[in-house]
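> sharing a model prediction with you, sequence too.
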Amino acid sequence: MSMGVLNLLRELKHPNVISLQRVFLSHTDRKVWLLFDYAEHDLWHIIKFYRAGKTSKKPVMVPKAMVNRNILQLGFL
């Protein structure tokens, strides 16, 4: 993992994105460990929940072009 990615993760502050809290380096086996805020749910389980129809609320529909634009913009950070 590059230092640029680590710096980006440290600076990224958004209410819908969990924050990177600490970075741990293992000098013996050269591994990097990342500590993030606790997330009560993960995206996979949220998708399964809505697909199973376990809620009366419908998720907000976002146009595909909007999602693609946002993903491309993340690449420029």
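Sure, I can see it.

> quickly note the distance from the residue nearest in space to the middle of the chain to Leu43.
Nearest residue to the geometric centre of the chain (C-alpha atoms, centre = their mean): Val17, 5.3 Å. For Val17, the distance to Leu43 equals 12 Å [C-beta to C-beta, to the nearest Å]. C-beta: built from backbone N, CA, C; applies to glycine.

> which elements pack onto the host helix or strand of Ile46?
Following DSSP states H and E, one finds Ile46 within helix 43-51. For helix 43-51, there is no helix or strand it packs on, judged by 3 or more C-beta pairs under 8 Å, 6 or more residues apart in numbering; DSSP states H and E.

> just checking, next helix/strand downstream of that helix?
For helix 43-51, the succeeding helix or strand toward the C-terminus, using DSSP H and E, is helix 64-74.

> for the residue of the chain most remote from its centre, give me the backbone phi and psi.
Within the chain, the residue lying farthest from the chain centre (C-alpha atoms, centre = their mean) is Thr28, at 28.5 Å. Thr28 has phi and psi values of phi -80, psi -50 when expressed as degrees, to the nearest 10.

> need the contact list for the nearest residue to Lys13 once chain neighbours are set aside.
Closest residue to Lys13 apart from its sequence neighbours, by C-beta to C-beta, 6 or more residues apart in numbering: Ser19 at 6.7 Å. Going by C-beta atoms under 8 Å, 6 or more residues apart in numbering, Ser19 touches 12-13, 36-37.

> then Val32?
Neighbouring residues of Val32 by C-beta under 8 Å, 6+ apart: 1, 23-26.

> which of those has the largest number of neighbours?
Neighbour counts for those (other C-beta atoms under 10 Å) peak at Val23, which has 14 neighbours.

> next, that one: secondary structure please.
Counting by DSSP: H, G, I helix; E, B strand; the rest coil, the backbone at Val23 sits in strand.
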